[in-house]
Structure formats: structure tokens, C-alpha cells
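> sharing a model prediction with you, sequence too.
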Amino acid sequence: MTTLILKRLGIGLVTVLAVSLIIFFGTKILPGDAAQIRLGQSATPENVAAFRARLGLDQPYIVQYLVWLKNFMSGDLGASLASDVPITNLIADRYQNTVFVSFATAIIGVPISLALGILAAMYPGTLYDRTLTLVSVSLVAAPEFFTATLLVLLFVFALGVGNAIVVGSTEGKGFFELIAHFALPITTLCFVIASQLIRMSRAAVLNVMSSPYIEMAILKGVPRGRIIFRHALLNAIGPIVNVVALNLAYLVTGVIVVEVYFGYNGLATLIVQGVQTRDYILIQGLGMIFCLTYVILMLIADIAAYASNARLRHPK
Amino acid sequence: MTKANNTEHYVAPYDAGVSFDELPDSAPSSPYRPSWTGWLGIAVVGFWVFIAIFGPWLAPLGENDLPFPDDYSEFQVPRPGAWLGTDVDDRDILSRLMYGAGRTIGISFTATVLAYFIGVVMGIGAAISTPRVDMVISRINDAFLSLPTIMLGLVVVAAVGSSIPVLIVTAGVIYATVVFRLARALGQEIMVMDFVEAARVRGEGRWWIITREIWPNAAMPLMTDFGLRLIYVILFISSLSFLGLGVQPPQADWGSMVRENLGALSYGASVIPVLAPALSIATLTVAINLIVDDVSAHSGGKLSKRL
Amino acid sequence: MARKHDDDVIFEARDLKIHAVRDDGSELPIVKGVDFKVRRGEVVALIGESGSGKTTISLSALGYCKPGLKFAGGEARLLGQDLTKMSTEELRPVRGERVAYLAQSAAATFNPSILINEQVTEAPILHGSKTKEEADAKALSLYHALELPNPDTIGQRYPHQVSGGQLQRLMAAMALCGDPDLLVLDEPTTALDVTTQIEVLKAFKEVIKKEGAAAIYVTHDLAVVAQVADHIVVLYNGEIKEAGPVETIINKSEHPYTKRLMGAIKPLPEAGLGEDTEDLGRESPALEVKALDAGYGKGADGKPTTMVLRDVNVAIERGKTVGVIGESGCGKSTLARVFAGLLPPSAGDISLDGDLIAPDLRNRSREELRKVQFVYQMADTALNPRHRIKDILGRPVEFYSGLTGAAKMERVYELLDMVELPKPFAERLPHELSGGQKQRINLARALAANPEVVLCDEVTSALDTIVGANVIELLKSLRRDTGVSFVFISHDLSTVASFADEIVVLYAGRVAEQGPTDKVLSPPYHPYTRLLISSVPEMRTGWLEETIADKATLTGMASGVELTDTGCPFFARCPMAIEGTCDKIEPPRRNDGAKHIIECHREIDELMGGG
């Protein structure tokens, strides 16, 4: 099992390297070069050349890549082409909102969705199960901005609470005030992850429930509660943790759309700005951060699956 | 009624002429008949496909025409001449919606077909090639798969700008990675079946094995997945457009319509300019999902309560 | 037999009817009104083929219907209570307490994440009939009684940490831990090797007797029933065809269906009675391997990382049948794959009609491929589910003989006729056929090539007794009519013996013994052959006791196969092993004349005894 985890960590490391290659060279095919973008059309060729030398752009790509990777690992993400502000400073100004919304979504959305999904698996075929399935089937396929629009309609127009667009400062607000402040983005994201989580956790538990050892437990007269919590969940934990990690990874996409929709400042809006201004140094740095988060969540998903498997925990 | 008292010897009455045939295996499964949710899905998808194809002819106005050129103000409420009102630039929402249908559905569908073409060819290719080649292709594919799709899309659009062909190719390549994984897994599963081995022992060539033995068995599960993939591509394209990085103005597209008119919500002017395109996407994707769910419930068997 | 009082009745089915509920709500009768009784201390066997409803009936004793089934009438009375009318909550105290269930596959029945002991003692503790200490003590005594290795610690393991045979016995412990009045055993030994089966049967029988429980024993194997049951109920298509005491059913059966079931069982032929086919002269064998080594994986030295076959020599004479026998994992399927060119050997030669052929099928010519055909065990996966029968049969016809159009169809019909299937079958898809019919198509596809050798890998193992017997009959007539040679691979000695001219006994990848069928089945024996022969259940009562009494046999059964690199692989299980020789030195080949070869350190004379 240790070797399996080490192997998985190794694959994770290779993936991160591959990802860094894709991001670095992906942004390299950008038309026009950084110096030109930074200095604008009026810059003299001498100025551009000098600036290129300063950024190391006259070096071969492979050298540029290695320097960039080294800097990234030491926490230096370079300076924005658009504003010449260090990327780390830009991130420092903005990360709180993104992290807070994602975190709140995870702690509110995950337990509720899991409970709903497992409950549906316990009573398959009932009205509750079929309704929940239909709702989650619909939600999973609906775009984030549709869910967001419905919530805005409901809360802002019908109930008259909340803000359609999140404005104003978050400074000095306590935890619960922040939750209220970001209520709509958090709720939207909760719905986004809930649809997947409900479906997948329900499927994971149902899959275990159809195995012969559950039938055996029924035939031994084991009460329903014990069948679920002792016999089924124990074997479903691996798949469920896997599902949770995967869905948190999906949040990356959801966060971008939601930040733009509700128009508050966060890392996601920052990267969209980067794309619009062709600030490729910003894209590289933020892209790496998003992708790293994603890769780490995937890693946790797989390791959780190993850890919950009795065969791997207790070899022959 | 048959009697069997244990201490006695019981023999059921029999007709000496009747033979005892082998009992048949389970009855062949009935052909797929959609449930009501399935029919609902089919109806909605059919409606949108119709609009997508004929929208530009049916639309009351051009996508950038102004229904009330003299009465210039944005976000007008619905009334004759503009049944869904007007948008941020005073254009007819209904007409833009009908033009946008073709663009959103057309781009997504083409991209999904492209994703399938690349993914299936590479996936089945990897499944039947040597382990080394298979490993190299799969590792590269895994690296792409471990990136959030929207991030990849952002990088590409930042690099080469946004146009319809770029969107199609980008979405096609990104989603080909997922199709690759599925096609490869299916291919490997079928490759180890005895009937494929039987064909190899017979001396059949690689082409025969792919087209006659593997493909007919992989086609059905791939079809179901096609629907799911189409949903994700529609959501991907719409999200990009919503972020302003997809279909570019003044062309209409459902995702970009939501973006353009987002102001209507914050001003409290009208909800229709935002709701209409968002609802269109949702009805389309939800309807496709209803069909997919219905079909897979049919092939996967019904769940029943046993506790 | 003295008339017993009716309070002795533990379980009684009265006009029991069970229906399957289809998706559209319509119902299909599965069990059509069945009556039988099980009295205290009795074992009643439900016997029948798949589709007979035997498992469904047995589960009614737990008040349980598989998903998609429902009780449609009659009663299933356990100790006077009708279980068919009880709710799940009412049934809970009955299940696992009054009646316990043993499933076919213990590996799937144990929860992989829970320690064995917790699962074994779960039912009585939950039902409150035993305290944890009492249940643990009971479990421990059962582990001892079932002769499990390391009985004191085995409960502290996870299911995947013990062997299949042991898990099967642990399931018996799980069922018995709550001291149930009735045990339901559903094919509990079917998944096991013959030598393991005896051991498990013995354990079951002794424990049932000792615990004084009644039992319902579900199986398709009449020979097994003869060993364990007091009464037999013969089922066909959800109805009882014949029922009565074991002796009566086995010796004086009357119903034609029972007779057919009995007729499908081939006793081991006595020495010299093996089927004889004409000797077609001394030309070169149709297919031959010499000094064959084969295995999987590729080590650094170019040799396989896991060796499966070592130094195997087999010659298949024209028109003859060679049977290959051995337990699972002995390498018999690998041998067929080497013949077919699917697994190129790491050493040794393969020759066809006396000429060397390429070890890898990719380098064989179409003509060479045509001459050797392979028939798979599982007809389900061997036939492409998307191809019609006419395409499945037509393709090899077209591929090897170039026939097309009407000529091809003619040949397809001819092939269908050869395997005794009607013409309209050509238009069907494989899933529209029954298991036996699919296996016939599988055979016909091999014959479509006009082969010289047909390799049959366990072709009857997945089939019911009668259907399998019919396929063997078909093979015999095909051999007579076509002069094709067969390699018949099976784990079932009696099936092989009824069909083969020569037998190769494989053990752990080595040939233990080989020669003409009658020579192999009569002394002198290799000790392993002797074990195999004595493990084949005989269709008479008392056989199990006699076999168990034979200490020599028991030694062999007590342990599993261990692959060894030095000496004789059978050393650990061999009652005649010579310490210091058998485990150190490779056994010599001893020739008993007439191509009868035994690989053993013991002299031929020493190998004559017993059997």
C-alpha cells in the first residue's frame, strides 16, 4: 500500500510537471511578445530589446521554462505585464474572497449533499428518491449562471433579501456576516456540487447495496440501520471520499463563472482579466495555482480510495 | 399441485413422449421504450434542434436589428413586435435567441463529434497497440485530463483569440481526452473477450478486428456517453461565452447573451434578458440528460427495494 | 422408516408459488406449486438444472425473494410460521437465528471490510440469543470442528486473507453460530476443486450431524447429493418431478426426467473400458509438442517470470482424443493456448503433421491456422453478441475456403445440421440461444474451418449436467464422422475419461502421468492420479465415508497446490513422499510400457497398490 501511494505521488509529480509544460508553452504561442505588450506600440526597438533582456526573453525557451519553474517554486510568480505589480501582490489582495466562498461551499454543501444522496440510496425507488434523482439530474445539466439567475430571482425579487450583485467591502465582517454577504454565490456553488455529489454518492452506496454480502446480511436478519452503517457505508467510504474530492475539483470551474456572475473580486476574475489583457505572466502563475489545487484534490481522491480498501490495508 | 411426502416415493405424472428441453436462458431484453421523462426529453431536444436549423428563417428580425428604432431605450418589456422584450442594445431578444440556438447547438455538436472522432480513434488505437505505445499515449492524456477544462480553454483563447473554429477545435480536443479514456477502457474490455481472441486465432487482420468485432460492441455505450459529453460541451462553450471569451459580439449566442444582459438584473430592469438564454441552455441540457438517464436506466436494469 | 410425528417438521412448503414480476407488471410463474417437508435431523436435497427454481424455493425458507420475484401463493412454514405472509421486520428475528443460509460463493458473501469473527458471530449477538463471549466461544469451537488451520486466530483475519476452501467452511461457521434449526445450503461446493470439495463436504456433513440441524441442500450434482442427503426432491421448471428417499431415487427412479439426469452422469470407466477408436496407422501425429516450457511475463534473462508449464511432451494422433486433466491453476488452459499459438512457449517445439510450425500465431500461415481450431469454455463471451449465427459460422467458411453467397450459406446450414440445430437458427443472435445451443454454435464455428485438431477448453464446465452430456455425445459422433482429433481439457475426470483415448494428468505445470486412458485409470498410478480418481464422487451412498476413512487420500486433501522450483511439486500433498528425495530432486520419468509414463521417485511396483 505504501508503494501504491508513493507510486501515486510520483504520478502526481509527473502530472504537475506536465501541467507546467502545457501552461508555459501554451502561453508561449501567444501572438506578439511580452515586451511589446508591456511597452505598447510606441516603444522603440531598443527599449523592447532591453526589456526582453530584463525578462530573460532572449534566452532559449527551455532556459526560460526552467527559470520560470524555479521562480514559481520559490514563490516568485513574476510581475504583471498589464500593471507591473508582482503577481503575488495581486493574489494577496484577492485570494480571501475565492478561498472563503470555496471553503464555505465545501463545509455547507458536502455534508448536506452526502446525507441526501445516502438517504436516497437507503430508500431506492421511493417518491423521495425519484424526486431527488430528477432534481439532481436537472441541476447537473444546468449551467451555473442559470442556477444563479433562479436564485437571484427567488431571493432578490421574490423575497427581497440579498444582493443581486455582491458589492462593497468585506472588511471587518465576521464569519457569519461574510456568509450572509456571499449567500448567493455560496448557494449557487452548493447547488452545482450538490447535483453531482447526490448522484454519485447515491450510486456508490447503491452499488455496494447490491453486492452479495449485503444480501447475506439481510438473510442473517441484520437490522436495516446496521446494514447501512456497518456493512454498506464501510465499503462505500472510499468511493464517497473519491466523489467528494472530484467534486471539489469541479468547483474550480464553478468559482470562475460565479465570481464573474456576481461581480466580486477574486482569483477567478483576476485570471479572466489576464486573458482579456493577454497578461500571460498572470495566466501562467494563476493557471498553475488552479491546476495544482485540482491535481492535489485528485491525488487525495485516489489515496482515499486506497486507504479505504481492506485488501490494500491488510495484505495477505 | 405436486405432492412430496418425504417418507414416500412420489412420482409426478408424466407423458412418456414429452422430452425435457433445456430451459431457455433469460428472456431477451425488450427494445428500448422511453418513459414519460424520456419522451419529454426527446420533445424538448427536438424542438431546439428545429429552432437551431430553421431559426434564422423563422426569426421575426435579424439578430442585430432593432424592433423599435425610434424608441431607443434598453431592456424594454415584452410587447407586440418584441415578444420577449429588448436587450442591452435594444435588439429583439426572441430573434437573438433563435439565431443563438443554431450557434450554441451547432458549435457544441460539431465539437462533440470532433471529440468523438479524435477520442475514439486514439482510444481504440491505444487499446490495440503495444503496451508501451498505450502507456505513452495514456500518460499524456492523463496530464491533460488533470487540468480543469475551463483553464485549458482560457489559455487557448488567450493565446490565439476567440473565433468559432477555435472554439470548436478547443472544445473538441479538450473533450477528446475524456472520450479517449472511455474508448480505451471499452476497447480493452472488448479486446480480452474470447470472440476477439477467436478472430485472432482465425488469422483475421487488425482492421477486421477493429471494425467487425470491437466497434459494433463499443458503439452502443459510446452513444449513451455522446449525450452526456454533448451536455458538458454545451456548458463549456456557454461558460466561455459567458466569460466573454467565446462567441464574440455582435453575434448572438446563449452564453454571451447572459453576459451582455447581466446588467438588467442589477438595475432591476427586467429578468427576461438574462433568464431567457439561461433557461434555453438549461432546458436543452436537462432534456438531453433526461434522455441519457432514461436510456441508461433501461440498459442498466431497474433498481428495486430489497431491504 | 418409522412414521414420525409432525412436530418434527422443521420446514414445510405447501403449494408454494413464486412469480417473477416483469417491467411491464405482468407476472411469470417461476415456482408452480411445490410441496415438501424437512424434518429435524434430515437433509433434503433440491436438485435440478438452472431454471428449475431450486434456489428460489430454498430462499423461501428464509422468507426471502430475490429482487424481481414475489410470493404468489401457498405457504412456506418454518416451525409452524408461514414466512410468506410476514413483514421484513417480523422476519428479522427468524433469519440468522432459526434458519441460516450458505451461499455458493463465500468470497462474495463475506464483507471484505469486516473481520471474519465479527461476521461469524454477528447474527446471534444481534438477535440477543448469545452474549459476545458465548458467540465467540461457539465460533471457536466451530473453527475447530470444521478443521480450519490456526482456529484460534483465523477469526482475526479479513476474508481476502484466507483461501477459498477455508472461506467456504467459515461460511458454514457463520451459518451455524446461531444454532439454527434449519440450514439452507445453496451449491456450497460447486465452486471448489474436486479434492477440496470432499474436505468441505465432509466438514459440512459432520457438523450438520453434530449440531442436530435440519438442512435444505441445493445442487445440480446428483453424486454430491448421494453423499449428504436423506431425501431428494427433483425439480424441473418450477415443479416437482420426483421425490423420495435417497436410495429410492438413485436406485429405483421412475420419472423419465430423473432418469435422464442420472443418465447424464458418467461413472469412471473401469480399467480397459475406455472408449476405443480405430487406429489410423502410424503416421506422424496431427499435433505434437516436445520439451515445452511456457509461462507469463518476461524476466531479465528472457525466460517467463511465472512458469506455468515445464517440460511437457504431448502428441495428438490423427483422429484421436487427448484429455488433459488437472485442478485449477495446473496449466491445462495454458497448454491449449500454446497449441493455438496464443502464448508462444519459452522453449520447446510445436509441430503440425510432422512439420515444425511457428510458436506465435501471427507467424503461422492461414492453412496452419485452419488446421488447429479453438473452442472456448464460455460460449457467452466466445460469440460476438452483435453478429448473427450465419455470420459467426459464415466468416470462417469464407475466410478459409473462399466460399461466398449461396455456397457459403449451404455450408452454414450443413454445419448447423452437424451440431443438430435447425436451419432458422442462422438468422438468430447469440443471446437468443440457450447455453447449450451457444456451445454447439461455438463447436460448429471450429468445424467450419475443416480443422485437423480441435482444442476444447472446459467446453462442458459451464453447462448443466444433461446439456453437458449431450454436448459430449455430439463430440463423440463428430469425431466418428469427421476424423478430427480433439484435445479435451477439463477438471472433471469422469467427463474426460468417457471421451479421451489418452489422458495427460497435469499437476502444477508438470505432467504427473500420461498414457492411454485405461492405463492411466488403472494401477500403477501416480499418487496424484490416485487422489484425483478417489475424489470423484460416486453415485452411491456411503462413498464419502469410505473415502474419508482412507487416510492416504486425506493427506492429499488437507493442503493446497504449492508451486516449487525444486523436486516434485506434489511433494507436500503426497502420502508416499520420500523426505530428502522428492523435495530435492526432480522425479524421473518411469515408463510402464505402451506409452504409459509416470513421473515419480517411487518404483512402478510401489505405485501399484490401492485405489
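Thanks, I have it.

> in stretch A:6-17, what counts as buried?
Applying a neighbour-count criterion of 16 or more other CB atoms under 10 Å in any protein chain shown, the buried positions in stretch A:6-17 are A:R8, A:I11, A:G12, A:T15, A:V16. Every C-beta, even on glycine, is put in place using the N, C-alpha and C of the backbone.

> tell me which element the residue in the stretch 301-450 of chain C positioned nearest to chain A is part of?
Of all residues in the stretch 301-450 of chain C, C:G329 sits closest to chain A, with a separation of 16.3 Å (CB to the nearest CB). Element membership of C:G329, judged by DSSP states H and E, is empty: it is in no helix or strand.

> and it, how many neighbours?
Burial of C:G329, expressed as a neighbour count using other CB atoms under 10 Å in any protein chain shown, amounts to 16.

> could you do C:I503 as well?
When neighbours are counted by other CB under 10 Å, C:I503 comes out with 25.

> and the residue of the stretch 301-450 of chain C closest to chain A, how far is that from chain B?
According to CB to the nearest CB, to the nearest Å, C:G329 stands 19 Å off from chain B.

> mind putting the buried residues of stretch A:6-17 in JSON lines, secondary structure included?
Rendered in JSON lines, the data for the buried residues of stretch A:6-17 read as follows (DSSP: H, G, I helix; E, B strand; the rest coil):
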{"residue": "A:R8", "secondary structure": "helix"}
{"residue": "A:I11", "secondary structure": "helix"}
{"residue": "A:G12", "secondary structure": "helix"}
{"residue": "A:T15", "secondary structure": "helix"}
{"residue": "A:V16", "secondary structure": "helix"}
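
> nearest to C:E97 among the residues you listed?
A:R8 (44.9 Å; CB to CB).

> hang on, the earlier thing: so which of the buried residues of stretch A:6-17 also contact chain B?
A:I11, A:T15 (CB under 8 Å from any CB of the partner chain).

> which one of the buried residues of stretch A:6-17 is nearest chain B?
With CB to the nearest CB as the yardstick, the closest approach to chain B among the buried residues of stretch A:6-17 comes from A:T15, at 4.9 Å.

> surely that closest one meets A:L292?
No - look at A:T15 against A:L292 with CB atoms under 8 Å: they stay out of range, at 10.0 Å.

> B:Y32: how many residues sit nearby?
Using other CB under 10 Å: B:Y32 sits among 11 other residues.

> pretty sure it sits in a strand.
No - assessed by three-state DSSP, B:Y32 does not belong to a strand; its assignment is coil.

> tally of neighbours for C:E603?
That count, for C:E603 with other CB under 10 Å as the rule, works out to 10.

> and the nearest residue to it once chain neighbours are set aside, helix, strand or coil?
Here the nearest residue to C:E603 in space, its sequence neighbours aside, is C:R590; by CB to CB, 6 or more residues apart in numbering or on different chains that works out to 7.5 Å. At C:R590, secondary structure determined by three-state DSSP is strand.

> could I get the contacting residues of residue 79?
Picking chain A for this. Shown in contact with A:A79 (CB atoms under 8 Å, 6 or more residues apart in numbering or on different chains): A:V85, A:P86, A:I87, A:I281.

> hm, I was asking about chain C
For C:L79, the contacting residues are C:I10, C:F11, C:R98, C:D181, by CB under 8 Å, 6+ apart.

> can you confirm the first one is in a strand?
Yes - counting by three-state DSSP, C:I10 is located in a strand.

> that one contacts C:D181, doesn't it?
Yes - proximity of C:I10 to C:D181 meets the contact threshold set by CB under 8 Å, at 5.3 Å.

> by mean pLDDT, flag the weakest helix or strand of the chain.
No chain in the question, so chain A it is. Evaluated with mean pLDDT, DSSP states H and E, the helix-and-strand set of chain A has its lowest mean pLDDT in helix A:34-39, which scores a mean of 65.

> let me rephrase: I mean chain C.
helix C:551-557 (a mean of 56).

> pLDDT weak spots in the stretch 151-300 of chain A?
In the prediction, the stretch 151-300 of chain A carries residues with pLDDT under 70 at positions A:160-172.

> got the residues of it near chain C?
Residues of the stretch 151-300 of chain A lying close to chain C by CB under 8 Å from any CB are A:211-213, A:216-223, A:226, A:230-231, A:234-235.

> can you flag the buried ones in those residues?
By 16+ other CB under 10 Å, those give A:211-213, A:216-222, A:230-231, A:234-235 as buried.

> on that earlier part again, which two in the residues of the stretch 151-300 of chain A next to chain C are spaced the farthest apart?
Taking CB to CB as the measure, these span a maximum distance of 20.0 Å, between A:G221 and A:N235.

> just the helices in the stretch 101-250 of chain A please.
Secondary structure of the stretch 101-250 of chain A (DSSP state H, counting those that start in this stretch): helices at A:127-141, A:144-152, A:175-181, A:183-209, A:212-219, A:224-226, A:233-262.

> so which of the ones you listed gets nearest B:L66?
Going by CB to CB, the one of the helices of the stretch 101-250 of chain A nearest B:L66 is helix A:144-152, 25.0 Å.

> check the offset of that closest one from the chain's centre.
19 Å (CA atoms, centre = their mean, to the nearest Å).

> stretch B:180-194 too?
Using CA atoms, centre = their mean, we find the averaged C-alpha position of stretch B:180-194 to lie 21 Å away from the chain's own average C-alpha position.

> for it, output the C-alpha coordinates as PDB.
Listed next in PDB are the C-alpha coordinates belonging to stretch B:180-194 (Å, rounded to 0.1, in the frame of the first residue of the first chain):
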ATOM      1  CA  PHE B 180     -10.200   8.700 -25.200                       C
ATOM      2  CA  ARG B 181     -10.300   7.300 -21.700                       C
ATOM      3  CA  LEU B 182     -13.700   5.800 -22.200                       C
ATOM      4  CA  ALA B 183     -13.000   4.400 -25.700                       C
ATOM      5  CA  ARG B 184      -9.700   2.900 -24.500                       C
ATOM      6  CA  ALA B 185     -11.400   1.200 -21.500                       C
ATOM      7  CA  LEU B 186     -14.200  -0.100 -23.700                       C
ATOM      8  CA  GLY B 187     -11.700  -1.300 -26.300                       C
ATOM      9  CA  GLN B 188      -9.600  -3.100 -23.700                       C
ATOM     10  CA  GLU B 189     -12.600  -4.700 -22.200                       C
ATOM     11  CA  ILE B 190     -13.700  -6.000 -25.500                       C
ATOM     12  CA  MET B 191     -10.200  -6.900 -26.600                       C
ATOM     13  CA  VAL B 192      -9.900  -9.600 -23.900                       C
ATOM     14  CA  MET B 193     -13.300 -11.100 -24.800                       C
ATOM     15  CA  ASP B 194     -13.000 -14.600 -26.200                       C
END
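
> that's all I had, so thanks and see you.
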